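# Please find the sequence and the predicted model below.
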2 protein chains.
Amino acid sequence: MSETQNDTFVTGYLLYLLAASSEQASAQFHDHVRARGLRVPEWRVLACLVDNDGMMITRLARLSLMEQSRMTRIVDQMDARGLVSRVADSNDKRRVRVRLTAEGRDLAEALVKDARRHETRLLSALADTDAARIKGVLRTLLDVLDRPDAT
Amino acid sequence: MSETQNDTFVTGYLLYLLAASSEQASAQFHDHVRARGLRVPEWRVLACLVDNDGMMITRLARLSLMEQSRMTRIVDQMDARGLVSRVADSNDKRRVRVRLTAEGRDLAEALVKDARRHETRLLSALADTDAARIKGVLRTLLDVLDRPDAT
DNA sequence: TCGATTTATATGATTTTTCATATTTTCAGC
DNA sequence: GCTGAAAATATGAAAAATCATATAAATCGA
């Protein structure tokens, strides 16, 4: 007798599929990140800063999918550790610009390289049609969610 | 001058797209869940149990995407609150079967109904082709991730 | 059938994350 | 140039989540 019975709802529910695939797809790479001595939120910060160094805390938080107060502390710790430094914005004194240090940049670039490799492997495990579609579909979903309706 | 500059990596990275779309797609419904007086993990437990009442803690944890020790405590609290009850498994005394109470079932069924409505709205905001593809693509990804290779 | 291993759950201690709110600076309208 | 609102960041206290490990029951092999 199979233990798995009629999984009528959860298993086919869009939000479950999204959460589960995000979770599982990330698990492997997140292990790698931790093996490199970083926590996942720190890796996210580094990745954002490689794209666009000197982001302010708020924007970094939005992009890294975390709360502002949390980002403040993450940046504190990364600063203390020498991966980033806080720079006052001359135009707007409220803002804190976060910049990669040389060490931070090296680590960030190495990890981005690893991430790209990992992504390639992941995509190549999918059938061509799925691999070709997945990012487009997700981007569309994100676009729709940005528009203030969709509930 | 646009604040958004050359987002070369993060914005197009599969794991980011997955995390961000999961996060954002869920945000609205999770607010609804909290408005109904539940935390997200509790909602997940209820949803699992509607599909398959009497699941054991370990399986519930896997399906709800959380750790076992955490699930033990969530079930404690839901039990204390009268939403579920713990039932000893007669065949295997290590196991704890978690069953919905009448109250738990009512709440669970109401929320599943809400979730279905929300999902429908979400899908209808996508173009037909995307709506038709998204679940399939995610399921494929999950399948691939289950197979022990794909790194 | 004994002992070693694995599986299922529980729990104390710690770390992470959130929540509410304070502080500082900018901005908008008058 | 004031005044009130909004934006950016920080921080204490609380809640949630993780980690390591304990306990207990089942299973597998010699």
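Everything's here; your move. Residues are numbered from 1 along each chain as shown, chains lettered A, B, ... in the order given.
# got the residues of chain A near DNA strand C?
Where chain A comes near DNA strand C, counting by C-beta under 7 Å from any atom of the strand, the residues are A:39-41, A:66-67, A:69-70, A:73, A:91-94. In this view, the C-beta of every residue, glycine as well, is placed from N, C-alpha and C.
# Alongside DNA strand D, which residues does chain A contribute?
So chain A meets DNA strand D at A:56-59, A:68-69, A:72-73, A:75, A:86, A:92, A:94-97 (C-beta under 7 Å from any atom of the strand).
# now do 6 Å
Residues of chain A that fall close to DNA strand D, judged by C-beta under 6 Å from any atom of the strand: A:56-58, A:68-69, A:72-73, A:94-96.
# Rebuild those residues as TSV, extending it with distance to B:Ser22, neighbour count and pLDDT.
Below are the residues of chain A next to DNA strand D laid out as TSV (distance: C-beta to C-beta, whole Å; neighbours: other C-beta atoms under 10 Å in any protein chain shown; pLDDT from 0 to 100):
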residue	distance to B:Ser22	neighbour count	pLDDT
A:Met56	25	17	97
A:Ile57	23	20	97
A:Thr58	22	14	97
A:Gln68	20	12	98
A:Ser69	22	10	97
A:Thr72	24	15	98
A:Arg73	24	11	98
A:Arg94	31	9	95
A:Arg95	29	15	96
A:Val96	28	20	97
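# Report the separation between the most centrally placed residue in chain A and A:Asp53.
Centroid-nearest residue in chain A, with C-alpha atoms, centre = their mean: A:Arg44, separated by 4.8 Å. A:Arg44 sits 15 Å away from A:Asp53, going by C-beta to C-beta, to the nearest Å.
# per-residue confidence for the nearest residue to A:Val84 once chain neighbours are set aside?
Computed as C-beta to C-beta, 6 or more residues apart in numbering or on different chains, the closest residue to A:Val84 that is not its neighbour in sequence is A:Met78, at 4.7 Å. The model reports A:Met78 with a pLDDT of 98.
# In chain A, what residue lies closest to DNA strand D?
A:Ser69 (2.7 Å; C-beta to the nearest atom of the strand).
# returning to that earlier point: ok, the residues of chain A next to DNA strand C vs A:His118, which is closest?
If you rank the residues of chain A next to DNA strand C by distance to A:His118 using C-beta to C-beta, A:Val40 comes first, at 14.0 Å.
# can you confirm A:Ala132 is in a helix?
Yes: counting by DSSP: H, G, I helix; E, B strand; the rest coil, A:Ala132 is found in a helix.
# Show the pLDDT at it.
The model reports A:Ala132 with a pLDDT of 90.
# where's it relative to A:Leu123, distance?
Where A:Leu123 is concerned, A:Ala132 sits at a distance of 9 Å (C-beta to C-beta).
# So between those two, which is more surrounded?
Ranked by neighbour count (other C-beta atoms under 10 Å in any protein chain shown), A:Ala132 and A:Leu123 place A:Leu123 first, with 17 against 12.
# Tell me, what's the model's pLDDT at A:Ala150?
The model reports A:Ala150 with a pLDDT of 48.
# all strands for chain A, in order.
With DSSP state E, the ranges of strands along chain A come out as A:55-56, A:84-88, A:96-100.
# and stretch A:47-54, C-alpha only, in CSV?
Only the C-alpha atoms of stretch A:47-54 are listed here, as CSV (Å, rounded to 0.1, in the frame of the first residue of the first chain):
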residue,chain,number,x,y,z
ALA,A,47,25.4,39.4,-5.8
CYS,A,48,23.4,42.6,-5.9
LEU,A,49,26.5,44.7,-5.4
VAL,A,50,28.4,43.0,-8.2
ASP,A,51,25.7,44.2,-10.5
ASN,A,52,25.5,47.6,-9.0
ASP,A,53,28.0,48.7,-6.4
GLY,A,54,27.0,51.3,-3.9
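# which parts of that stretch are buried?
Residues A:47-53 are the ones in stretch A:47-54 that count as buried (16 or more other C-beta atoms under 10 Å in any protein chain shown).
# which one of those residues is nearest A:Leu111?
A:Ala47 (7.2 Å).
# on that earlier part again, need the residues of chain A next to DNA strand C in JSON lines (columns: distance to chain B).
Listed next are the residues of chain A next to DNA strand C as JSON lines, based on distance: C-beta to the nearest C-beta, whole Å:
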{"residue": "A:Arg39", "distance to chain B": "15"}
{"residue": "A:Val40", "distance to chain B": "10"}
{"residue": "A:Pro41", "distance to chain B": "12"}
{"residue": "A:Met66", "distance to chain B": "10"}
{"residue": "A:Glu67", "distance to chain B": "12"}
{"residue": "A:Ser69", "distance to chain B": "17"}
{"residue": "A:Arg70", "distance to chain B": "14"}
{"residue": "A:Arg73", "distance to chain B": "20"}
{"residue": "A:Asn91", "distance to chain B": "12"}
{"residue": "A:Asp92", "distance to chain B": "12"}
{"residue": "A:Lys93", "distance to chain B": "18"}
{"residue": "A:Arg94", "distance to chain B": "15"}
